[in-house]
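[1] below: sequence and its predicted model.
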Amino acid sequence: MNKLRTTAIALATVATAAMAQANTITVAEIDVKSDLSDFANSNALEYWPDIDKDLNEALMKHVEYKDEPFGDRLVVKISDVSLNGNPMLPQTGEFNRLEGAVVLYDYAEPSRNGDENDTTIKAIHSFPLSISAVAGDTAVPAATIVIPPSKDDFYTALVEGFALAAVDNLK
């Protein structure tokens, strides 16, 4: 009986791993850029200068990287970092909204016929993405210690959430 249960668990694990592998996005490059020029008074990059690097690293956790010259390229352009819609962050640097565009490009081999512009770079999938985080004001049982999220908690949640949502939308 134990052997049967162990075999069933092993088969379920292998099946789950195979399904996860089938749903994995493979990319040769990830390019994240923040372009907050639409908001002349945005100061987000003063507080979070590494947001591009951090989002790139978060995306790398959710994709399979394969170094090949004609592999797919994932391009993310962050266009809005704001607190309750205001691009001018407070002195604490807190924000609760991260918005941008995600594009997955197919960098085809040069031998493939190009389009009317003689290019073989094609967007496979593109979409806008907006992530917001809010602190829950929920009732808690008596004698419960409540620890509100810090600005770093929000930052991590927004960056990781954006990366996960981007990859999930590409599947």
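    Nice, thanks for sending it over. Residues are numbered from 1 along each chain as shown.
[2] contacts, neighbours, all on C-alpha from now
    OK.
[3] just want the most central residue of this structure.
    In the chain, the residue lying closest to the centroid (CA atoms, centre = their mean) is residue 163, at 1.2 Å.
[4] three-state assignment of it?
    helix (DSSP: H, G, I helix; E, B strand; the rest coil).
[5] who's in contact with it?
    Counting by CA atoms under 8 Å, 6 or more residues apart in numbering, residue 163 makes contact with 55, 58, 59, 62.
[6] tell me the one of those nearest residue 122?
    residue 59 (20.9 Å; CA to CA).
[7] for that closest one, phi and psi?
    Dihedral pair for residue 59: phi -60, psi -40, per degrees, to the nearest 10.
[8] gap between it and residue 81?
    Distance, residue 59 to residue 81, by CA to CA, to the nearest Å: 18 Å.
[9] do residue 162 as well
    In this view, residue 162 and residue 81 are 12 Å apart by CA to CA.
[10] kindly report the same for residue 58.
    17 Å.
[11] who has more neighbours, those two?
    Between residue 58 and residue 81, residue 81 has the larger neighbour count (other CA atoms under 10 Å), namely 30 against 18.
[12] who touches the more buried one in this structure?
    Going by CA under 8 Å, 6+ apart, residue 81 touches 36, 42, 44, 87, 95, 96, 97, 98, 99.
[13] residue 80 too?
    Applying CA under 8 Å, 6+ apart, the residues contacting residue 80 are 35, 36, 39, 87, 97, 98, 99, 100.
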